[in-house]
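Prediction below, plus the sequence it came from.
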Amino acid sequence: MTENSTTIQVHVVRHDDVSAVTVSGVLDRVTYRGLRDAIIKAALDEPRAVIVVVDKLCVPSSSAWSVFTSARWHVSTWPDVPILLVCERKGRRRTIASVGVDRYVPVHPTYESALEAVRGHTLQVRRRARAELPANRLSVGLARARITDWLTAWDRRELIPIAGTVATVFVENVLDHTIGAPVLVAESFGDAVSVAVEDCSQHPATRHEDTDRSAEIVSGLAIVSALCRTWGSTPTSSGKTVWALIGLENRI
């Protein structure tokens, strides 16, 4: 897959369970967001790790290296996929370290050393499912049915009521506020279950209350916030992903 952002190119190749990303072109204020979103999108596909090779990247201002820190922050809670950089030039690695990027995104001199670091970490098993839904109200019932099927298969039945409610809110928001079809994603990892919905809108999901009847009308996202461990809206190159993390403490 190759994505273009004015003067920057991002090439993503999946090698087994790792996404290898090669970046070339100029990283500046014009291309910053496009690169960030492309890295986030690679992480949202939930590989074991995203390894970004930056040797062909031109960075006129050293502060622009923070794009990789920004991408990591966006995925640090969910799906918590590590991002690593590969940079052969020692001087450039010092520059990256000087702006604090390596505190959040490890920097390696070779792709092989980065891959070895990834392989050296024992990961818990992730179970993940994805379904494209129609752009109509049938999606709400289909989303709840998929959540029930997936969590039953994963032996997480106790979280079905909460997860189904979250899926309903997210799907309804896509149908009400965008013109595209929702894509439902669920994952079981460790002690938590995540529910996410992808859409084609670049506008981040935010809570909105009825200003005239705030005591009576509560937004769906306010309900999600009350029911879940945490939730967020993550930008992608094609829109956004709205997600929620549900723990055992959220059971009803």
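Nice, thanks for sending it over.

secondary structure class for Ser24?
Classification of Ser24 using DSSP: H, G, I helix; E, B strand; the rest coil returns strand.

I'd assumed Val195 was in contact with Ala186.
Yes - the pair Ala186 and Val195 passes the contact test of CB atoms under 8 Å, sitting 5.4 Å apart. The C-beta positions use only the backbone N, C-alpha and C, and glycine is treated the same way.

between the two, which one's more packed in?
Remark: of Ala186 and Val195, Val195 carries more neighbours, 31 against 26, as counted by other CB atoms under 10 Å.

picking up where we left off before, anything in contact with each of Ala186 and Val195?
Taking CB atoms under 8 Å, 6 or more residues apart in numbering as the criterion, Ala186 and Val195 both touch Ile147, Ala163, Ala167.

Packing partners of whatever helix or strand the first one lives in?
Looking back up the chat, that one is Ile147. Following DSSP states H and E, one finds Ile147 within helix 138-153. Contacts defined by 3 or more CB pairs under 8 Å, 6 or more residues apart in numbering; DSSP states H and E place helix 138-153 against strand 126-132, helix 160-177, strand 183-189, strand 192-199.

For the closest residue to Gly239 other than its chain neighbours, which phi and psi angles does the backbone take?
Leaving aside its chain neighbours, Gly239 sits nearest to Cys200 (4.1 Å; criterion: CB to CB, 6 or more residues apart in numbering). Backbone torsions of Cys200, given as degrees, to the nearest 10, read phi -100, psi 10.

What separation do you get for Cys200 and Val52?
Distance, Cys200 to Val52, using CB to CB, to the nearest Å: 25 Å.

Can I get the shared contacts of Ala186 and Val195 in CSV including distance to Ile40, neighbour count and pLDDT?
Output for the shared contacts of Ala186 and Val195, formatted as CSV (distance: CB to CB, whole Å; neighbours: other CB atoms under 10 Å; pLDDT from 0 to 100):
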residue, distance to Ile40, neighbour count, pLDDT
Ile147, 24, 27, 98
Ala163, 23, 27, 97
Ala167, 22, 28, 98
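
now, among those, which is nearest to Thr110?
For those, the minimum distance to Thr110 (CB to CB) is 41.5 Å, reached by Ala163.

I am finished for the moment; much appreciated.
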